Structure formats: structure tokens, C-alpha cells
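Visitor: Let me see the structure of the following:
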Amino acid sequence: MFKSVLVLGHFRGIRFEIHISWLIIFALLMVSMSTGFQQHYPDWSMTTAIGTALVTSLVFFASIVAHELGHSLVAISRGVPVRAITLFVFGGVAQMVRDPERANDEFWIAIAGPVVSFALALTFGLLAGLTAEWYEPVSVALGWLALINLVVAVFNLVPGFPLDGGRVLRALVWKVTGDARKGNLTARVSGRMVAYGLFGVALWNILVIGNLVGGLWIMLIAWFLLTMTQAQSRLFDMRERLAGIVARDLAEAGVPSVDADCRLDDWVYHHALPAGRRAAMVGNPDRVEGLISLSDTQRIPREQWPDTPVAAVMTPLKALHHVAPDTPADAILQLMNEHSLNQVPVMQGRRVSGWIDRQRLLRTIELYLEVGR
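Guide: Numbering: from 1, shown residues only. Have a look, this model is predicted:
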């Protein structure tokens with residue numbers, strides 16, 4: 001199956017990955033940079049221009065990873081887990097498991113990225129000066145990297161959410177007022193203003209200057225910022241309206257269960273399908289051994305189902321994702337999304353007190369949002 005993301009590796013529990021859309025900006029950068037080098041330095045061979053563009057592009061994207069790693073390491077140090085750093089068409093993003101719960105944490109996490117980019121700009125600038133008399137392609141590449149990292153740092157400090165500057169603004173308003181909602185509202189308004197401003201700049205480039213490509217690119221960035229601002233606003237509203245709703249409020253009391261020695265064909269055809277259930281706990285509510293789902297059965301050829309007990313393919317208790325009765329609703333949704341779960345048992349020790357499936361959770365969220373509107 002075709003995957004849209006390529007995983008490069010892991011560091012301190014953070015997954016490094018490249019989205020397929022990253023190839024677009026990488027190709028554009030390579031073409032524009034190699035063409036620019038050939039125009040500004042006609043004595044360079046084509047091989048030198050292309051090679052310099054390739055190395056410079058790769059180091060630039062490594063700089064973007066370093067920028068996001070700055071966010072991530074500060075987040076981890078402040079108790080906010082980070083799942084992955086992803087490079088995509090608009091740059092990079094650190095995927096945090098949850099938002100910071102304190103204004104101070106939000107501020108330092110947000111400011112860490114631009115600080116890294118400023119440091120890289122200074123470092124590359126100094127190296128460009130030191131190598132100026134050595135080999136021209138090296139000093140040119142270092143000078144370009146210094147400039148582009150400076151641009152990245154300054155642009156990210158623009159106070160428009162979800163840019164780092166928008167997060168810094170949200171943290172400052174949150175800190176001064178003591179109200180996270182006011183901070184979020186301020187960041188939302190500033191994000192929209194920056195996006196609409198960029199739309200204006202894009203139209204000016206297209207209609208006045210005649211720079212169609214540049215104008216369209218700025219318009220795409222503006223659209224991305226506006227979309228992300230709206231998405232973050234909806235997420236904040238959802239969490240606010242779900243405040244106080246916990247697992248015991250969402251759980252179904254009738255937890256489906258099956259004996260560990262029940263055969264797969266018996267469970268599928270006589271229990272799961274007739275009841276419209278795609279999963280069940282293995283064992284009994286007082287002593288759970290694991291969880292079996294329809295997707296687990298696909299690992300076994302169908303002709304072997306009559307001879308295979310559910311215990312052979314179930315997810316054992318030690319590997320089972322579950323929640324406590326007082327787990328907040330937004331944390332449950334986050335857990336389901338993070339691990340692609342369709343159902344989560346509510347447990348105390350090894351005893352199951354309830355069952356939450358994705359459909360029920362989403363339906364409940366929809367109802368709460370409707371009442372909130």
C-alpha cells in the first residue's frame with residue numbers, strides 16, 4: 001500500500017518523517033537555486049551549480065528539522081510529549097500529544113524554534129565569512145543558509161497563529177490575563193489578520209507586479225495559515241465544551257466479552273456479527289486477559305479459524321490501551337486518534353467498568369458542540 005509519509009528514524013522517542021508533499025518544495029527549491037547559481041555565477045559549471053544547490057537544500061531542510069527539534073526538546077522538558085517531526089510542503093511541524101497547560105510552557109516551547117533558527121543564521125554567517133577566500137560555492141551556500149534561516153526565524157515570529165509568533169502572543173495574553181480563552185481568541189484574530197494580509201500581498205504580486213508564481217505561492221501560505229487557525233480554534237472550542245466530561249460519563253455498561261478458549265469462527269459468526277460488535281474483551285469483567293477485534297482475525301487464514309482460540313490473536317492486557325473512569329473526554333479522543341483505536345475499555349486495575357467506542361464518542365462530542373453553539 002502506498003504511504004504518504006516516509007519515516008527516517010527516531011530520537012528521544014520522536015519520530016522523524018517526510019510527507020510526500022515535501023518533494024514538491026524540494027524540487028522547486030532545487031530548480032530555482034541551481035538556476036540562480038548559474039545566472040549569478042556564470043563561471044560555475046552546471047555540475048557545481050546543481051551539486052551546490054543539492055547540498056544547500058538538504059542542509060536547509062536539516063535546519064528546519066533543528067527548528068522543530070528546538071520546540072520538541074523544550075516541550076519534552078516541560079512534560080509535553082512529542083510524537084513526531086514531519087517535513088511537508090510548507091516546512092515542518094512538531095506533533096505534540098497535547099497542548100501545554102501553562103502559559104509559561106507555551107511561551108518557551110514556542111520561542112525555542114526561532115531561537116534555534118537565529119543561532120543557525122549566526123553560525124552559517126560566521127562560517128560564510130571564514131570561508132570567503134577558500135572555495136566560492138561553499139561560502140555562497142553558507143551565506144544563503146544564513147539568510148534563509150534568518151528569514152525563517154523572523155517570519156515565524158509574525159504574531160499570526162499557528163506561527164510561533166502567534167503562539168508567543170497567545171502565551172503572553174494568557175499569562176497577563178490568566179485566561180487561556182482570551183489568549184486563544186487573540187491568537188485566532190491575529191492569525192486571521194496575518195492570513196488576510198498575505199492574501200492582499202499575493203494579489204498585489206499577481207495584479208500589480210505580474211509575479212504570478214510568487215503570488216500564488218504566497219496565496220497558498222495564506223490559505224494554509226487561515227485553515228490551521230480555524231482548525232486550532234475548533235479544537236480549543238471542543239476541549240472547552242467537553243471540560244468536565246470524563247470516561248465514566250461516556251462508557252457503555254454492557255461490555256462485550258468472550259472466553260479465551262472460544263474459537264475464532266464461533267466468536268465471529270455467533271457473537272460479533274449478530275451483535276454488530278467489532279471487538280470484545282477476552283476473559284470476564286473482573287479479570288480481563290486482553291481484547292479481540294475483527295482486524296485481529298485477519299492475521300489468521302479463514303480455514304484455520306475453527307482451530308484457533310481468540311487468545312492466540314488477541315491484544316494482551318499488558319499491550320492494551322485503556323483509560324481510567326476519570327480520564328477526560330478530549331484525552332480519550334486523543335488516545336484513539338494517536339493509536340488508531342476504534343474502542344477503548346474503561347478499567348480499574350484488571351476490572352472493566354465500561355466500554356467506549358469511537359462512534360459513540362464522536363456522537364457525544366457532536367451533541368455537546370451543538371448544545372454549545
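Visitor: going forward, measure contacts between C-alpha atoms and count neighbours the same way
Guide: Fine.
Visitor: Backbone dihedrals for residue 18, please?
Guide: Recorded main-chain torsions at residue 18 are phi -120, psi 130, according to degrees, to the nearest 10.
Visitor: doesn't residue 10 fall inside a strand?
Guide: Yes - the assignment for residue 10 (DSSP: H, G, I helix; E, B strand; the rest coil) places it in a strand.
Visitor: doesn't residue 16 make contact with it?
Guide: Yes - Residue 10 is within contact range of residue 16, at 5.8 Å (criterion: CA atoms under 8 Å).
Visitor: more crowded one of those two?
Guide: residue 16 (20 against 13; other CA atoms under 10 Å).
Visitor: Now do the helix ranked longest in the chain, average pLDDT.
Guide: The longest helix of the chain (DSSP state H) is helix 46-77. Per-region confidence: helix 46-77 scores 92 on mean pLDDT.
Visitor: chain center to it, what's the gap?
Guide: Between the mean C-alpha point of helix 46-77 and the mean C-alpha point of its chain there is a distance of 19 Å (CA atoms, centre = their mean, to the nearest Å).
Visitor: what comes up buried for it?
Guide: Of the residues in helix 46-77, those buried by neighbour count under the rule 16 or more other CA atoms under 10 Å are 49-50, 52-54, 56-57, 60-61, 63-76.
Visitor: where's the closest residue to residue 7 other than its chain neighbours, which helix or strand?
Guide: Counting by CA to CA, 6 or more residues apart in numbering, residue 7 lies nearest to residue 17, which is 4.2 Å off, once chain neighbours are set aside. Residue 17 belongs to strand 14-19 when elements are defined using DSSP states H and E.
Visitor: which other residues reach the helix or strand following that strand?
Guide: Proceeding N to C from strand 14-19, the next assigned helix or strand is helix 22-40, under DSSP H and E. The contact list for helix 22-40, computed with CA atoms under 8 Å, 6 or more residues apart in numbering, reads 44-46, 49-50, 52-54, 57, 87-91.
Visitor: how about 6 Å then?
Guide: Outside helix 22-40, the residues that touch it by CA atoms under 6 Å, 6 or more residues apart in numbering are 49, 50, 53, 88, 89.
Visitor: Pick out the most distant pair among the residues you listed.
Guide: 49 and 88 (24.9 Å; CA to CA).
Visitor: Return the distance of the host helix or strand of residue 354 from the chain's centre.
Guide: In this structure, residue 354 sits in strand 351-357 according to DSSP H and E. Between the centre of strand 351-357 and the centre of its chain there are 28 Å (CA atoms, centre = their mean).
Visitor: and if you look at stretch 200-218?
Guide: Taking CA atoms, centre = their mean, one finds stretch 200-218 lying 30 Å from the centre of the chain it belongs to.
Visitor: contact partners of it?
Guide: Applying CA under 6 Å, 6+ apart, the set of residues contacting stretch 200-218 from outside is residue 219.
Visitor: State the mean pLDDT of it.
Guide: Confidence over stretch 200-218, taken as the mean pLDDT, stands at 85.
Visitor: buried stuff in it?
Guide: Burial within stretch 200-218, assessed by neighbour count using 16+ other CA under 10 Å, is assigned to 200, 201, 202, 203, 205, 206, 215, 216, 218.
Visitor: Name the SS class of the last one, please.
Guide: Taken by three-state DSSP, the conformation at residue 218 corresponds to helix.
Visitor: And it, how close does it get to residue 57?
Guide: Counting by CA to CA, to the nearest Å, the separation of residue 218 from residue 57 is 20 Å.
Visitor: what does the second one give?
Guide: Summarising the geometry, the distance separating residue 201 from residue 57, computed by CA to CA, is 26 Å.
Visitor: cool, and the fifth one?
Guide: Between residue 205 and residue 57 the computed distance is 25 Å (CA to CA).
Visitor: got it, and the first one?
Guide: Taken as CA to CA, the spacing of residue 200 relative to residue 57 amounts to 29 Å.
Visitor: Any chance you could list what contacts the helix or strand where residue 368 lies?
Guide: Per DSSP H and E, residue 368 falls inside helix 358-372. Under the contact criterion CA under 6 Å, 6+ apart, helix 358-372 has outside partners 342, 343.
Visitor: could you give the mean pLDDT of that helix?
Guide: Per-residue pLDDT values across helix 358-372 average out to 73.
Visitor: Of all pairs in the buried residues of stretch 200-218, which one is the farthest apart?
Guide: Pairwise distances among the buried residues of stretch 200-218 were taken by CA to CA; the largest, 11.4 Å, belongs to 200 and 216.
Visitor: Endpoints of stretch 84-104, how far apart?
Guide: 23 Å.
Visitor: before we move on, back to that, distance from the chain centre to the helix holding residue 368, please.
Guide: Counting by CA atoms, centre = their mean, helix 358-372 is centred 23 Å from the centre of its parent chain.
Visitor: Just the C-alphas of that helix, formatted as PDB.
Guide: Listed in PDB are the C-alpha atoms of helix 358-372, where the atom choice follows Å, rounded to 0.1, in the frame of the first residue of the first chain:
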ATOM      1  CA  ARG A 358     -15.200   5.700  18.600                       C
ATOM      2  CA  GLN A 359     -18.700   6.200  17.100                       C
ATOM      3  CA  ARG A 360     -20.300   6.800  20.500                       C
ATOM      4  CA  LEU A 361     -17.500   9.200  21.500                       C
ATOM      5  CA  LEU A 362     -17.800  11.300  18.300                       C
ATOM      6  CA  ARG A 363     -21.600  11.300  18.500                       C
ATOM      7  CA  THR A 364     -21.400  12.600  22.100                       C
ATOM      8  CA  ILE A 365     -18.800  15.300  21.100                       C
ATOM      9  CA  GLU A 366     -21.100  16.400  18.200                       C
ATOM     10  CA  LEU A 367     -24.100  16.700  20.600                       C
ATOM     11  CA  TYR A 368     -22.000  18.800  23.100                       C
ATOM     12  CA  LEU A 369     -20.800  21.100  20.400                       C
ATOM     13  CA  GLU A 370     -24.300  21.500  19.100                       C
ATOM     14  CA  VAL A 371     -25.600  22.500  22.500                       C
ATOM     15  CA  GLY A 372     -22.600  24.800  22.900                       C
END
